[in-house]
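>>> The sequence isn't on hand, but the structure is:
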């Protein structure tokens, strides 16, 4: 199973003081040990941007760099880099859902998940459920 990783999950995994740290770390350990249905993760450069910034200010610069290096070197993570088409589709979604409190990064994530036929997100952000995706842990 391919799972999309959101910034809230990245931050929780790297920030020891995060309320969800234990849950995030346990899932990551299971995936690394191949004791999970997750075969690999998918994310975007927008999510990594957000996760690095959140981790930097909640934890430390060193933890944010560790997150960046871990993401770029991971055997279990594919990073989708944004282009004009992705930006345009995300902006369309953002514009059409003014009734939701979705961030633009959320919309980039949702469009990416739909494009790559990913139905589940590793997140602690309720917006993914609101957009119709399953969430773990």
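Arrived safely. Values in this document were obtained by computation on a predicted structure and should not be read as measured data.

>>> alpha carbons only for contacts and neighbour counts from here, please
Will do.

>>> Run the chain-centre distance for stretch 68-84.
Centroid separation between stretch 68-84 and its chain, computed with Cα atoms, centre = their mean, to the nearest Å, is 11 Å.

>>> cool, and stretch 114-125?
8 Å.

>>> likewise stretch 65-77?
The chain centre lies 13 Å from the centre of stretch 65-77; the measure is Cα atoms, centre = their mean.

>>> could we number from 18 for the rest of this?
Sure, I'll start numbering at 18, so the last one becomes stretch 82-94.

>>> which parts of that stretch are buried?
For stretch 82-94, the neighbour count (16 or more other Cα atoms under 10 Å) marks 84, 85, 88, 94 as buried.

>>> Let's have these in CSV, adding pLDDT.
Shown next, in CSV, are those (pLDDT from 0 to 100):
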residue, pLDDT
84, 96
85, 97
88, 96
94, 95
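
>>> Out of the residues you listed, list just those in helices.
The helices, defined by DSSP state H, take in 84, 85, 88 from those.

>>> Could you measure from the first one over to residue 153?
Yep, that's residue 84 we're talking about. Plainly put, residue 84 is 20 Å away from residue 153 if you go by Cα to Cα, to the nearest Å.

>>> Quick check: phi and psi at residue 81.
Main-chain dihedrals, residue 81, degrees, to the nearest 10: phi -70, psi -40.

>>> ranges for the helices of this protein?
Under DSSP H, the chain gives helices at 24-31, 38-49, 62-75, 78-90, 101-113, 121-132, 144-147.

>>> helices and strands around the first one, which ones?
When you say that, I think you mean helix 24-31. With contacts defined as 3 or more Cα pairs under 8 Å, 6 or more residues apart in numbering; DSSP states H and E, helix 24-31 has these neighbours: helix 38-49, helix 62-75, helix 78-90.

>>> same deal with the second one?
Under the contact criterion of 3+ Cα pairs under 8 Å, 6+ apart, helix 38-49 touches helix 24-31.
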